[in-house]
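Asks: How does the following fold in three dimensions:
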Amino acid sequence: DGLKGTGDLVITITADQNTAGLGMIYETNLTHDAEANNATNTSVVSAAVPYADLTTTQVSAPVSAIGGSAITIGWNVSNRGQAATSANAWTDEIILSIDGVFGNSDDLVLGSIRHQGALAVGENYSQTATVNLPRLADGRYYVAVRSDANTEVLQPDTRADTISASLPIDLAAAFADLGV
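Replies: As a prediction, the model looks like this:
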């Protein structure tokens, strides 16, 4: 799927040959060309198919928060592709990262929100969700939203568009107010 599978293709079918390219069955006929018909090929053109392209933008989040508290995240997902989405539902994920690199081992999924309904070309939706922050040490963290997190929509060439730009959020550790 995708643009990597487009263009001129040659399909070759070979019989009576091992992995080293040597014939395994001795063949003969009166014209002595029996080994000449063990392979054939055909040429075909593979055309590009239009796909959806879900793009996550306009993420909003507070600039600071306290670990363990609830925050509200907003985002927009649009189909910038050449076809409607191939699925009628998918999951968007809200992700918190220590280093702002999404997809590595420090990512924490804060919430998963199920979107219902296909998107035609040019359509979009806006979503908000309230999620609870984990109790973490003081510091700068990063929030992003990934649409179609479980790859339910066929979009082979534009998968990188599904994650938004990261937003910094400064977290303060929750503290206890002990009195004596």
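
Asks: how about the strands of this protein, start to end?
Replies: 7-14, 39-46, 54-60, 64-66, 70-79, 89-97, 108-116, 124-132, 139-146, 167-172 (DSSP state E).

Asks: tell me how far the first one is from the chain's mean position?
Replies: Yep, that's strand 7-14 we're talking about. Between the centre of strand 7-14 and the centre of its chain there are 29 Å (CA atoms, centre = their mean, to the nearest Å).

Asks: same deal with the longest one?
Replies: Taking CA atoms, centre = their mean, one finds the center of strand 70-79 at 17 Å from the center of the full chain.

Asks: How much space separates the residue sitting furthest away from the middle of the chain from Arg146?
Replies: Distance from the centre of the chain peaks at Leu30, with 58.9 Å (CA atoms, centre = their mean). Note on Leu30: its distance to Arg146, by CB to CB, to the nearest Å, is 67 Å. From N, CA and C alone the C-beta is placed, and that goes for glycine too.

Asks: What of Thr91?
Replies: From Thr91 to Arg146 the distance is 9 Å (CB to CB).

Asks: neighbour-wise, which of these two wins?
Replies: The neighbour count for Thr91 versus Arg146, taken as other CB atoms under 10 Å, is higher for Arg146 (22 against 15).

Asks: Now do the contacts for that one.
Replies: Contacts for Arg146 (CB atoms under 8 Å, 6 or more residues apart in numbering) come out as 56, 92-93, 95, 102, 162-164.
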